[in-house]
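Student: let's see this in three dimensions:
(2 chains)
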Protein chains: 2
Amino acid sequence: MNYNRVPKGCAELHHEVELAVIIGRKGVNIKENEAMDYVGGYTVSLDMTARDWQAIAKKEGNPWSIAKGFDTACPVGQFIPKEAIADPNCLELWCKVNGDLRQKGNTKDMVFKIPQIISYISQYFTLETGDLILTGTPAGVGPVKPGDTIEAGLGQLAQMKFQVQEGTNT
Amino acid sequence: MNYNRVPKGCAELHHEVELAVIIGRKGVNIKENEAMDYVGGYTVSLDMTARDWQAIAKKEGNPWSIAKGFDTACPVGQFIPKEAIADPNCLELWCKVNGDLRQKGNTKDMVFKIPQIISYISQYFTLETGDLILTGTPAGVGPVKPGDTIEAGLGQLAQMKFQVQEGTNT
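Tutor: Take a look at the predicted model:
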């Protein structure tokens, strides 16, 4: 089985299931009404977060880099070409831990729609083919521990399953 | 001339000259006493920072990603193989704006030494060949504006020169 690690010293690792948008061609300063032309596809992702470290970073005004960027922090499912998804603004997102449903949402409830996100980000960062944009998570985030099995998906598409392991980062 | 951009909407772009360590081979969980084996070389870098955006991020407990990661935020000089530097812990760092010396320091005054930094980071992130680690800046950071010329270097090594331009990110 695939695996994900609790980074060494993290006391509270949380799952956050998210729709990931995969960029299909390079762009910068992309207009909202052209943004969907830059999408190559989608997948399901988990924005695994060291919540204890993130809380300290927030409190102290420090970067979040380690809290959300440690090795194995962003497991993703398989690539789904955009043609296979009729409406990316109406996709069910779900996440189970040890078989129990913990998160269930729908991309129709996203605060920022995909074209807004792409347009905003591309003002600051050149988007490259293969870049992944994570888009926010529905309610229900919570802790996992070594030995837990996480499953997540976009409806019946892009399912993934992996096991949480101790943070022996070797 | 090479150039660097003020990102659109940024009112206060600052220069921060830094020694950049270039990773020479892949590693993870690197011990301090083996860390120098993972160094391939060095260069001079500028950690260009949208100080106004960073101040807001600090105050609100948000990530610094845009404040330090926007396009052109990290100009670097040429690669210097480590064999060409007798002691990386005794290198002069300097930065001039329009010919005026603004920053001058020495890597001997770094709070964290190179092996400590490599060992610490590699607990969380796998270091890959070609990765760049910036190491902190001496006193004297300050604003630049479109039209300014920035020069920076490591003593007489790895000099670079570029011009600040308006943030027309195209």
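Student: near chain B, which residues of chain A? Just list them.
Tutor: For chain A, the residues in contact with chain B under the definition CB under 8 Å from any CB of the partner chain are A:7-8, A:28-29, A:57-59, A:61-66, A:68-71, A:123-126, A:169-170. For every residue, glycine as well, the C-beta is placed using N, CA and C.
Student: mind checking which of those land in helices?
Tutor: A:57-59, A:65-66, A:68-69 (DSSP state H).
Student: could you export those residues as TSV, including pLDDT?
Tutor: Putting these into TSV (pLDDT from 0 to 100) gives the following:
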residue	pLDDT
A:Ala57	97
A:Lys58	97
A:Lys59	97
A:Ser65	96
A:Ile66	96
A:Lys68	97
A:Gly69	96
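Student: put the buried members of the residues you listed into a PyMOL selection.
Tutor: The following PyMOL selection, which keeps only the buried ones among those, applies the criterion 16 or more other CB atoms under 10 Å in any protein chain shown:
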select buried, chain A and resi 57+65+66+68
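Student: ok, the ones in helices among the residues of chain A next to chain B vs chain B, which is closest?
Tutor: The shortest distance between chain B and any of these, using CB to the nearest CB, involves A:Lys58 and amounts to 3.3 Å.
Student: these two touch, right, the closest one and B:Pro63?
Tutor: No. Here A:Lys58 does not reach B:Pro63: they are 9.5 Å apart, not a contact under CB atoms under 8 Å.
Student: next structured bit after the lowest-mean-pLDDT helix or strand in chain A?
Tutor: Taking mean pLDDT, DSSP states H and E as the measure, the helix or strand of chain A with the lowest value is strand A:2-5, at a mean of 89. Read in the C-terminal direction, the helix or strand following strand A:2-5 is strand A:13-15, with elements assigned using DSSP states H and E.
Student: now do that following strand: which elements does it pack against?
Tutor: Here strand A:13-15 is seen to pack against strand A:49-50, strand A:142-144 when contacts are counted using 3 or more CB pairs under 8 Å, 6 or more residues apart in numbering or on different chains; DSSP states H and E.
Student: wait, a strand at A:Ala35?
Tutor: No. The assignment for A:Ala35 by DSSP: H, G, I helix; E, B strand; the rest coil gives helix, which leaves it out of any strand.
Student: mind listing what it touches?
Tutor: Taking CB atoms under 8 Å, 6 or more residues apart in numbering or on different chains as the definition of contact, the neighbours of A:Ala35 are A:114-116, A:118-119.
Student: which one of those residues sits closest to B:Leu132?
Tutor: For B:Leu132, the nearest member of the contacts of A:Ala35 is A:Ile118. The distance, counting by CB to CB, is 26.9 Å.
Student: so the closest one, which of the three states?
Tutor: Under the three-state scheme (three-state DSSP), A:Ile118 adopts helix.
Student: in stretch A:8-25, which residues are buried?
Tutor: Within stretch A:8-25, the residues that qualify as buried are A:10, A:12-24, counting by 16+ other CB under 10 Å.
Student: make that stretch A:94-110, sorry
Tutor: For stretch A:94-110, the buried set under the neighbour-count rule, 16+ other CB under 10 Å, comprises A:94-97, A:102-103, A:105, A:107, A:110.
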